[in-house]
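> Here is the input, now give the coordinates:
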Amino acid sequence: MEILVAVIAFAGALLAAIAAGALIRRLRDESEGWLAAWTVALVALCLSLGVIGIGYLMGFGPLTFRLYQITGALLAPIWLAIGLAQLLSEKTPPKFLGWLFGIAFTIVATAIMIFDPVLKDDDLGKALPLAQNHWDVIPKGLLTGAHAITALLLVVCLVVAGLKWRNGDEYDTDNLHTALVIAPSGLALVGALRFTVPAVFTTVLFLVAAAAVWYAVLRPLAPYDDDDEDDFEPAPQQLPREEATRPGRRAMPEPVAMAEVPMPPPPRRPSGLGDLVAEYRAGEKEIDYAARMSPPPDPGPSTGYIMNGAPAQPDFAMPATGAVYPGAELFTPAPTPQQAMPQGRLSPNIYGLLTVFTIMDGSGDAFDRLAESTVEAVRRGEPDTLVYACHAVKSAPLQRIVYELYRDEVAYRDHQRQPHVERFVNERQSMVLATNIIELNVQAAKVVPLPTAMF
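Residues are numbered from 1 along each chain as shown. Below is the predicted model of the structure:
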């Protein structure tokens, strides 16, 4: 049995070390409170499991007993709970108070447990030592208080996550998912530390707690797909939340004002588990197929409406962003002399989108190359895509704006199914922090081929 416990402990220590390393690497890009708290918990679990493995092979002494009690019995449970509370908190004051309490309690309790004498230190043996048999009154009280606070905080977080999920969105669903993983494992760990249970069971619970954090933070996340919801209509403006805190998602920076692009009011509140992972999927709508098959309407007057542009000259070198690729496919033929002053209004079926991407620092060149190849493929193979332009934003180097116009919504559906569009959606996942999508109804416009640079 001693060998079995040691093997489980060392395996759990390796798992916790790998997960802690992954969280530390992610902390270099994100300064989220829940991420830092769970990193502390994973480091504590790694140390405690390693000490358990050593103790069952070589026997426990005063040093290994103190390390096990400080890391496994004190720090790991309390920081699991603090991390979950940080994840669900929407306001800054509760997050700050959580960090203040956690740091102060950790420093005070650790100092006491380092310097307080261990009772019966010659009777530790190879069995997992119980705190009540080897601590004096003050360390016992600290551990009891830590376990009580941990259990209460985990239960409250579980209730709060459930209440938010009832009236929330997919982000609140992800919050509840994580709470259902972290809270039970933390409560089970506290129960094993408070009551006499087999050592192998306690060791397994330490391993499960480390695996729960790893799963909650690093599990692969698939985009939300609303294509199967027939009655779903996307909101006119779908915005990421102010602080995307979902494990796997990145935090969105402050929105930047853009000329002639009206931005909506700030997001309602910070999300819970938040990411950068859910791509926009347009909902199914009724399509006027008769209008789709009818010839395009007559072009409008010279100002205020869509104009027929002269056929574009192919093979011009283009900058990576900021220009639409001109091409004969994008515009109707040049008007004849009899059509010099055409009459008519815009087709009501024209479908438009404006997408604002906030990209990660250092990903601009890669995103621009991907956008350039996508625009080129759209120019060559999508005659019903009227405008497809990618813009850089002078005042916001980490933002890109994609402006799209389609002959109708069927053309937009055809565009979505193209291989180059699927490649653009898949490959930009690792580059994009947030995506804002605005649906457009075109009322008046003028479109001609844009000038290009000659090289």
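> Now the element after the host helix or strand of Gly145, going C-ward?
In the assignment (DSSP states H and E), Gly145 maps to helix 137-166. Using DSSP H and E, the helix or strand that follows helix 137-166 towards the C-terminus is helix 170-194.
> Now that following helix: buried residues?
Neighbour counts over helix 170-194 (16 or more other Cβ atoms under 10 Å) mark 171-183, 185-190, 192-194 as buried. Placement of C-beta: from N, CA and C, glycine included.
> Stretch 97-116 now?
Those buried within stretch 97-116 under the rule 16+ other Cβ under 10 Å are 98, 102, 105-106, 109-110, 112-113, 116.
> do you know how far the residue nearest to Gln132 when sequence neighbours are not counted is from Ile112?
In this structure, Gln132 finds its nearest non-sequential neighbour in Lys140, 6.3 Å apart by Cβ to Cβ, 6 or more residues apart in numbering. According to Cβ to Cβ, to the nearest Å, Lys140 and Ile112 sit 11 Å apart.
> So Ala434: helix, strand or coil?
Reducing the assignment at Ala434 to three states with DSSP: H, G, I helix; E, B strand; the rest coil gives strand.
> So which other helices or strands are in contact with the helix or strand Phe206 falls within?
Using DSSP H and E, the secondary-structure element containing Phe206 is helix 199-218. With contacts taken as 3 or more Cβ pairs under 8 Å, 6 or more residues apart in numbering; DSSP states H and E, helix 199-218 sits against helix 2-27, helix 33-58, helix 76-88, helix 170-194.
> average model confidence for the last one?
Regarding helix 170-194, the rounded mean pLDDT is 88.
> Run the chain-centre distance for that helix.
19 Å (Cα atoms, centre = their mean, to the nearest Å).
> And it, what does it pack against?
Applying 3+ Cβ pairs under 8 Å, 6+ apart, we find helix 170-194 packed against helix 76-88, helix 137-166, helix 199-218.
> can you tell me the average pLDDT over the second one?
Per-residue pLDDT values over helix 137-166 give a mean of 91.
> Can you point out the buried residues in that helix?
So, applying 16+ other Cβ under 10 Å, buried residues of helix 137-166: 139, 142-143, 146-147, 149-151, 153-154, 157-158, 160-161, 164-165.
> Likewise for stretch 206-219?
Residues of stretch 206-219 classed as buried: 206-217 (neighbour count, 16+ other Cβ under 10 Å).
> So what touches that stretch?
With contact meaning Cβ atoms under 8 Å, 6 or more residues apart in numbering, stretch 206-219 is reached by 8-9, 11-12, 15-16, 18-19, 22-23, 26, 35, 38, 41-42, 45-46, 48-49, 52, 72, 76, 80, 83, 177-178, 181-182, 185-186, 188-189, 247-248.
> and what of stretch 146-164?
With Cβ under 8 Å, 6+ apart as the test, stretch 146-164 has contacts from 73-74, 77-78, 80-82, 84-85, 88, 105, 109, 172, 175-176, 178-180, 182-183, 186-187, 190, 193-194, 272.
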